[in-house]
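A.B. asks: Quick one: sequence plus predicted model below, questions after.
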Amino acid sequence: MSELAFKDKVVGMKQAVEEYVHDGDTVYLAGFIQGEPFAAVHEIIRQGKKDLTISTAAGTILVDQLIGSGCTKRVISSYVWNPVPTSAHAFRRAIEQDIPHHIELEEYSLFALSLAYFAGALDLPYVATKTLMGSDLAKRSGFLGDKKISIQQSPFTGETVCLIPPLKHDVGIIQVQRSDAQGNAQLWGVEGPTKYGIQSCSRIIVCTEEIVEQEIVRRDPARTIVPGFKVSAVVEEPWGSHPSYVQGIYDRDWKYFPFYDESTKTIEGFNNFVKDWIMDIRDRKEYLAKVGDERLNKLRGSSLTSNPVDYGHYDVF
Amino acid sequence: MSELAFKDKVVGMKQAVEEYVHDGDTVYLAGFIQGEPFAAVHEIIRQGKKDLTISTAAGTILVDQLIGSGCTKRVISSYVWNPVPTSAHAFRRAIEQDIPHHIELEEYSLFALSLAYFAGALDLPYVATKTLMGSDLAKRSGFLGDKKISIQQSPFTGETVCLIPPLKHDVGIIQVQRSDAQGNAQLWGVEGPTKYGIQSCSRIIVCTEEIVEQEIVRRDPARTIVPGFKVSAVVEEPWGSHPSYVQGIYDRDWKYFPFYDESTKTIEGFNNFVKDWIMDIRDRKEYLAKVGDERLNKLRGSSLTSNPVDYGHYDVF
Amino acid sequence: MNHNNEYTAVEMMIIATAREIQDGDIVFVGTYWPILAGLLAKRTHAPTSLIVLEGGVIRDSNPERIPLVVSDPCMISGSLLCGDCFDTLGMILHAGQADAALLSATTVDKYGNINTTCVGDYSKPKTRLSGSGGACDFGCLANKVLIMLEHHKRRFPERVDYVTTPGYLEGFDSREKAGLKPNTGPSAVITTLGLFRFESDSKEMYLDAHYPGIDVQKVKESMGWELKVSPEVKIITPPTEKELRTLREDVDPDGMFLRDARTVS
Amino acid sequence: MNHNNEYTAVEMMIIATAREIQDGDIVFVGTYWPILAGLLAKRTHAPTSLIVLEGGVIRDSNPERIPLVVSDPCMISGSLLCGDCFDTLGMILHAGQADAALLSATTVDKYGNINTTCVGDYSKPKTRLSGSGGACDFGCLANKVLIMLEHHKRRFPERVDYVTTPGYLEGFDSREKAGLKPNTGPSAVITTLGLFRFESDSKEMYLDAHYPGIDVQKVKESMGWELKVSPEVKIITPPTEKELRTLREDVDPDGMFLRDARTVS
């Protein structure tokens, strides 16, 4: 149904997370180094959501924070790390020592996971691939058991193939450059498997650097990565991906990552970090004030703009 | 290998077709109502290529002309028609009366064919879908025999599924709005399955309304539908899709289609049409002169341009 | 053109089809009559329906002229999303989110199976037709398939020569047994005589309603099998003035379809 | 910084890896040391190599700063194609068009299998590492997989605890038997001691060449199994002045990787 296509769905982050992220949900986090939805994840942590299954193509400290904060029961990803590159400490503590509690993992390669999202978004029964085979990613499954993958012979060629069934999600969160109030969201830059990941979700929260007039969307519909009719809420959240980046809007805050590494090596360090940077902060505005204008200004960078293209105006024959 | 990525591959249409389309080839024709590569197809007909297998998502009179001209041995498509809508007469004569000779068909639904192109472009062993089943498209196969599809039970759920194996092609031809001389081709407007169809080809001929400076491509890399390293030849061919359209450049010449319908109802009519509009014409320039400026000017239409987007310039930390 | 009560059977067919679309429906639109029915619904009682094209377009607003084919450039400019088949056939239709699909047909049989491929044997047909396009996908996957065709007895054989687009196959549970998803398939066949639906158990087509002035017996004689008729067969409300005016003046003001102007070369 | 003959073992490793890339190669680049090797090759002997990123980027030119992660925004601006995983992992890597893939590793075993997942048992590891990312795909699908790691004996067990990225599995034809495509897999392992290749039959890793001043015996003692050594074991040419200068001044002028400047918070 298209009821959501025509609705102004702009809400604040607090309300979006309250209404659309529920304890026990399977939550897809969009982004691929670019566009990680940090603002939304911090709000999830502040609201103390529980028992989440976090699914994301490339888990960075975003996932680490969700694990260390005790929101997370399960993780589906191709990896979890701190892209210094170094370890994600809360993730390590959870796996190695069940701190703050045990978590379950389901691990894929990035391409296999991309196919699972693709199958999820299109509701395909499965996709056959030549990746993954021979690896322990194929041999060992976690909570998905024998629904993770299946090694079979191709009925066409007899060759051995790996079947990837769909992954679907209760709710997905994406941060984009721009969206209209109805949630027609536009993204450019590296996508990873975001387009299919986000459309494998029953509910979608669009976080956008800027809410634009719908006319902007209509003038370049090729950039729309999520159609508004699938979107539950639109949150205008500038800098919503910091310390990750949004192409053309702000740079990756690379110094944040070693800082996070140093800060979170101990449980106490992690807890203090979460207190200082998430729990004791009301919203993204306060967060940005804490980061400080000097740092933010440095991340703004300079412009390199595309040339307009013509779609034409067709009103007569 | 990237040898083709850095090479200026601009040639004329005659040379492109001579060098890269061979008798007996499986030829993918890109386009979906928009961007049908008419100029290239007319050159194929002029050069009298034989025994081609033509593969295209939605066969229109382009395919009809290739069939009636005797270039075509086999057709892979979801349909062949004249989008008046009415019958494609040469196609009918070939199927019903073996005129000018027998042709073989392999028919899919559009989505099944899209999946076959997708599997072809990625070299996936197959993709499982819930479409096609129960139809005679699933039950009857042509020259692909039991390599067309396979009905199986899902090892995950036990449900009945339809497996679609890859389709690949010797050569693919695409008409786009713009390309650089290296063949980094950019397209906007309705795509159909073009992105995957064209990348399932061993050789690619890019026909472009305009060859642009590579800087234009670099400023908006999200619009690139074919990377230049996969491209064999680039042909600058304005109006190369007439009577089909190219979004934002020229409108669909709707009057051509009933004219073609009337003209080609008989064998003699078809042959005269091909003589007048293809064989007796040297190249696209002569074709356009025959169409006439008045008609072409009418098809130019008015503009509706996108707003530029920023990709940012990242040179320092 | 007059806007009184006179209307053609084709106009009635288009209007009756449009009425099957609910406001808020996500509608896949096939070429020919479906274009008119989809656009009419959007301009009358279903303004918040979305029009979706198989080639990759999602559109919430009316185009500025009538598209002669669904992927006409006028459908792309000003759309909300313009991409590829995976955006629409994939992530909407195959994903089970197509509320309705509008299809035209050459022949339709007792169980709503559509043939747009051939008359006679497939391998050597008397008449070769266009084939499927996205129609087979619409028929396999949409929740509510609406089939439009001008009524001739030969277009309603008991069994089609070729199933281009699956309806209920051999009836009963044969559609699901073939592997198609539950809660999909033909919802109505709308012709120039009336509107047909399908029995919930047998999936056999029956006459649910006919147009004013059309005799049930005439309908029965225009079918290739012994047609069942609803015990409460209804008479379809004739076009309202608004429906007719919108169809003629807003949807197809140039008469491209309604007056065959598109076939003038 | 001096540009005389002094160089670090890590610099030698990067340079030796870069030399494995042929001009014209389509190269998938993983994070960390691979970034430097890929960019160095492009700035020296392989100017027409293409750099491809798993997230969806094809780049023919050098970025204007060193990317700290492969999907750094500096790799996107000015690229030739920027899309999604299907554009690169799909239509290049899985399609068999990746000439080379550069990977860093935590541990590598006798048959070139890589573990970046865990030390100890997977279900209760002593140390949990990051996991695969695209590495497993690179290892499964690229024609020439180049593996980089700083040499420590514990990083070369006879058998890895967990196969994150398949090399030749148990050797011989076990890789193809598992279903992986022929003519894919590890081509070389490049460490801070030397360069290792794989026997054509057994697929066992052997020492093919070592760096100047490195003793073969020392290499043998730094492996977790009885290492085979090529009867014609070579000594790798030390870095040329151009290689060193390009690496230090053009590829990583800020010392982000070479002087660990990226870890300064």
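C.D. replies: Sure thing, it's come through.
A.B. asks: how many neighbours does residue A:268 have?
C.D. replies: For residue A:268, the count of nearby residues is 9 (other C-beta atoms under 10 Å in any protein chain shown). Where you see a C-beta, it was placed from the backbone N, CA and C, and this is true even at glycine.
A.B. asks: Same question for residue A:287.
C.D. replies: As a burial measure, residue A:287 scores 18 neighbours (other C-beta under 10 Å).
A.B. asks: repeat for the one 10 residues further on
C.D. replies: Burial of residue A:297 is recorded as 10 neighbouring residues (other C-beta under 10 Å).
A.B. asks: For chain C, which residues are neighbours of chain A?
C.D. replies: Proximity of chain C to chain A, by C-beta under 8 Å from any C-beta of the partner chain, involves residues C:24-26, C:48-50, C:57-58, C:60, C:63-65, C:72-74, C:76-83, C:86-87, C:90-91, C:94-96, C:99, C:254, C:256.
A.B. asks: Three-state assignment for residue C:11, please.
C.D. replies: Using DSSP: H, G, I helix; E, B strand; the rest coil, the three-state assignment for residue C:11 comes out as helix.
A.B. asks: ok now do residue 146, which residues does it touch?
C.D. replies: Reading this off chain A. For residue A:146, the contacting residues are residue B:156, taking C-beta atoms under 8 Å, 6 or more residues apart in numbering or on different chains as the criterion.
A.B. asks: actually it's chain C I care about, not the one you picked
C.D. replies: Applying C-beta under 8 Å, 6+ apart as the definition, the contact partners of residue C:146 turn out to be C:17, C:20-21, C:34, C:37, C:100-103, C:186-188, C:190.
A.B. asks: same deal with residue A:219?
C.D. replies: Under the criterion of C-beta under 8 Å, 6+ apart, the neighbours of residue A:219 are A:311, B:304-307, C:78.
A.B. asks: In PDB, could you pull the C-alpha coordinates for stretch A:223-236?
C.D. replies: The C-alpha atoms that make up stretch A:223-236 are tabulated as PDB, following Å, rounded to 0.1, in the frame of the first residue of the first chain:
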ATOM      1  CA  ARG A 223      19.400   9.000  -7.200                       C
ATOM      2  CA  THR A 224      16.600   7.700  -5.100                       C
ATOM      3  CA  ILE A 225      17.800   4.700  -3.100                       C
ATOM      4  CA  VAL A 226      14.600   4.200  -1.000                       C
ATOM      5  CA  PRO A 227      11.100   5.000  -2.300                       C
ATOM      6  CA  GLY A 228       9.100   7.000   0.300                       C
ATOM      7  CA  PHE A 229       6.200   4.500   0.300                       C
ATOM      8  CA  LYS A 230       8.400   2.000   2.200                       C
ATOM      9  CA  VAL A 231       9.600   4.600   4.800                       C
ATOM     10  CA  SER A 232       8.100   4.900   8.300                       C
ATOM     11  CA  ALA A 233      10.000   8.000   9.500                       C
ATOM     12  CA  VAL A 234      12.200  10.700   8.300                       C
ATOM     13  CA  VAL A 235      14.600  12.400  10.600                       C
ATOM     14  CA  GLU A 236      16.600  15.500   9.700                       C
END
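A.B. asks: if you look at it, does any of it touch chain D?
C.D. replies: No: contact between stretch A:223-236 and chain D, assessed by C-beta under 8 Å from any C-beta, is absent, since the two come no nearer than 9.5 Å.
A.B. asks: can you map out the strands along the stretch 101-250 of chain A?
C.D. replies: Assigned by DSSP state E, counting those that start in this stretch, the stretch 101-250 of chain A shows strands spanning A:104-107, A:126-129, A:150-153, A:160-164, A:169-176, A:178-179, A:185-186, A:201-208, A:224-226, A:233-236.
A.B. asks: now the contacts of residue C:146 as JSON lines including neighbour count and pLDDT?
C.D. replies: Supplementary listing: those in JSON lines, determined by neighbours: other C-beta atoms under 10 Å in any protein chain shown; pLDDT from 0 to 100:
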{"residue": "C:17", "neighbour count": "26", "pLDDT": "98"}
{"residue": "C:20", "neighbour count": "18", "pLDDT": "98"}
{"residue": "C:21", "neighbour count": "24", "pLDDT": "98"}
{"residue": "C:34", "neighbour count": "24", "pLDDT": "98"}
{"residue": "C:37", "neighbour count": "30", "pLDDT": "98"}
{"residue": "C:100", "neighbour count": "26", "pLDDT": "98"}
{"residue": "C:101", "neighbour count": "32", "pLDDT": "98"}
{"residue": "C:102", "neighbour count": "31", "pLDDT": "98"}
{"residue": "C:103", "neighbour count": "30", "pLDDT": "98"}
{"residue": "C:186", "neighbour count": "28", "pLDDT": "98"}
{"residue": "C:187", "neighbour count": "18", "pLDDT": "98"}
{"residue": "C:188", "neighbour count": "21", "pLDDT": "98"}
{"residue": "C:190", "neighbour count": "28", "pLDDT": "98"}
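A.B. asks: Would you confirm that residue A:237 contacts residue A:207?
C.D. replies: Yes: because the distance of 4.6 Å satisfies C-beta atoms under 8 Å, residue A:237 is recorded as touching residue A:207.
A.B. asks: those strands in the stretch 1-150 of chain C, which residues are they?
C.D. replies: Listed in chain order (using DSSP E, counting those that start in this stretch), the strands of the stretch 1-150 of chain C are C:26-29, C:50-53, C:57-59, C:81-82, C:100-104, C:107-108, C:114-115, C:118-119, C:127-128, C:145-148.
A.B. asks: mind putting those in TSV, distance to residue B:107 included?
C.D. replies: What follows is the strands of the stretch 1-150 of chain C, written out as TSV (distance: least, C-beta to C-beta, whole Å):
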stretch	distance to residue B:107
strand C:26-29	20
strand C:50-53	21
strand C:57-59	24
strand C:81-82	27
strand C:100-104	17
strand C:107-108	17
strand C:114-115	13
strand C:118-119	10
strand C:127-128	11
strand C:145-148	20
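A.B. asks: still on that earlier bit, buried subset of the residues of chain C next to chain A, written for ChimeraX?
C.D. replies: Restricted to buried positions by 16 or more other C-beta atoms under 10 Å in any protein chain shown, the ChimeraX selection for the residues of chain C next to chain A reads:
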select /C:24,25,26,48,49,50,57,58,60,63,65,72,73,74,76,77,78,79,80,81,82,83,86,87,90,91,94,95,99,256
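A.B. asks: if we look at chain B, which of the residues of chain C next to chain A are close to it?
C.D. replies: When contact is defined as C-beta under 8 Å from any C-beta, the residues of chain C next to chain A meet chain B at C:57, C:72-73, C:76-78, C:82-83, C:86, C:90, C:94.
A.B. asks: That's all I had, so thanks and see you.
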